[in-house]
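Asks: Mind folding the following:
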Amino acid sequence: MKYLFLIISIFLAFNAYTQTKSTPVLFESMPQTNHKELILNEKNDMITNEFRVFGLVKKERIYTEKDLLQMKQESIGTVYIKNHKGDIVINAKNMKGVLLKTILDSTVILSTNYKNYNQFFIILTAVDGYKNSYSWNELYNTEIGNHVYLITEKNGKSLNQIPEKLLVLSANDINGGGRYLKNLSTIEIKAVDEIK
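Replies: Residues are numbered from 1 along each chain as shown. A predicted model of the protein is given here:
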């Protein structure tokens, strides 16, 4: 038992010694960066300048900022975004944007049978994997579809200055925080059942 205690003590002492010897070398070799810089770099990595439309389309397409700015811009004004509890969490002023329907209308859908459109839904995905979905009927047969935008101007800032670009919001949702999607990466068109 004495020997076991002695061996464990020697092992712990040696382990502590090697850690204290190696720690200064480890920190000396690390670049001196403050925490705020790391957060800013991480946020910049998430910013998107383009998004891909794919799924039930005849041809996939990538839309750039330039493409968005060449489309019809809608004046949105001020939007108050509420969370699931109904608390205002975002107050965005002087907004302009392109309707999501404008993007979908410029995409050639795979099915020519309009009855199939009742099964369609659209999935928007951000760079970090966050997803939103809309049904085709929601966008084209309800007032909500007239207020789902890809934002091109916010709080007096143009598209290339908006920190969370590409930004999508549903301005007519009662509590729109859940569909306030930052850094859009893809738009996928899918169907409930296989389309023939």
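Asks: Looking at the protein, which strand is longest?
Replies: Taking DSSP state E as the criterion, the chain has its longest strand at strand 88-99.
Asks: ok, it: who's next to it in the sheet?
Replies: Note on strand 88-99: by DSSP bridges, its sheet partners are strand 74-82 (antiparallel), strand 148-154 (antiparallel).
Asks: For the residue nearest the centre of the chain, which non-adjacent residue is spatially closest?
Replies: Nearest to the mean C-alpha position of the chain, counting by Cα atoms, centre = their mean, stands Ala126 at 2.6 Å. Leaving out its chain neighbours, the residue that sits closest to Ala126 by Cβ to Cβ, 6 or more residues apart in numbering is Asn183, at 4.8 Å. Using the backbone N, CA and C atoms, a C-beta is placed for each residue, glycine as well.
Asks: residues near the one you found, how many?
Replies: Residues near Asn183, counting by other Cβ atoms under 10 Å, number 21.
Asks: Give me the contact list for stretch 163-181.
Replies: Applying Cβ atoms under 8 Å, 6 or more residues apart in numbering, the contact partners of stretch 163-181 are 43, 47-51, 65, 68, 76, 79, 81-86, 89-90, 92, 97, 100, 124, 126, 130, 132, 134, 143-144, 146-151, 154, 159, 182-184.
Asks: mind checking which of the strands paired with strand 88-99 is nearest Ile109?
Replies: Evaluated over the strands paired with strand 88-99, closeness to Ile109 peaks at strand 148-154, with 17.5 Å, by Cβ to Cβ.
Asks: tell me the mean pLDDT over the closest one?
Replies: Average pLDDT, strand 148-154: 94.
Asks: what about that strand, distance to the chain center?
Replies: Averaging C-alpha positions (Cα atoms, centre = their mean, to the nearest Å) puts strand 148-154 14 Å from its chain's average.
Asks: Restrict it to CA atoms and write it as CSV.
Replies: What follows is strand 148-154, C-alpha atoms only, in CSV (Å, rounded to 0.1, in the frame of the first residue of the first chain):
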residue,chain,number,x,y,z
VAL,A,148,-41.6,38.3,-46.9
TYR,A,149,-38.5,40.2,-47.9
LEU,A,150,-34.8,39.8,-48.6
ILE,A,151,-33.6,43.0,-47.0
THR,A,152,-31.5,45.4,-49.2
GLU,A,153,-31.6,48.4,-46.9
LYS,A,154,-31.9,48.7,-43.1
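Asks: what sits up against it?
Replies: Contact partners of strand 148-154, identified using Cβ under 8 Å, 6+ apart, comprise 68-69, 73-74, 76, 92-101, 103, 134, 139, 158-159, 162, 165-171, 184.
Asks: and with 6 Å instead?
Replies: 68, 73, 92, 95-98, 100, 159, 162, 167-168, 170 (Cβ atoms under 6 Å, 6 or more residues apart in numbering).
Asks: Please apply the same query to stretch 124-138.
Replies: For stretch 124-138, the surrounding residues in contact (Cβ under 6 Å, 6+ apart) are 46, 48, 117, 120-123, 144, 168, 179, 181, 183, 185-187.
Asks: Kindly provide the distance from the closest residue to Ser170 other than its chain neighbours to Glu194.
Replies: What sits nearest to Ser170 in space, not counting adjacent residues and going by Cβ to Cβ, 6+ apart, is Arg179, at 4.4 Å. Arg179 sits 27 Å away from Glu194, taking Cβ to Cβ, to the nearest Å as the criterion.
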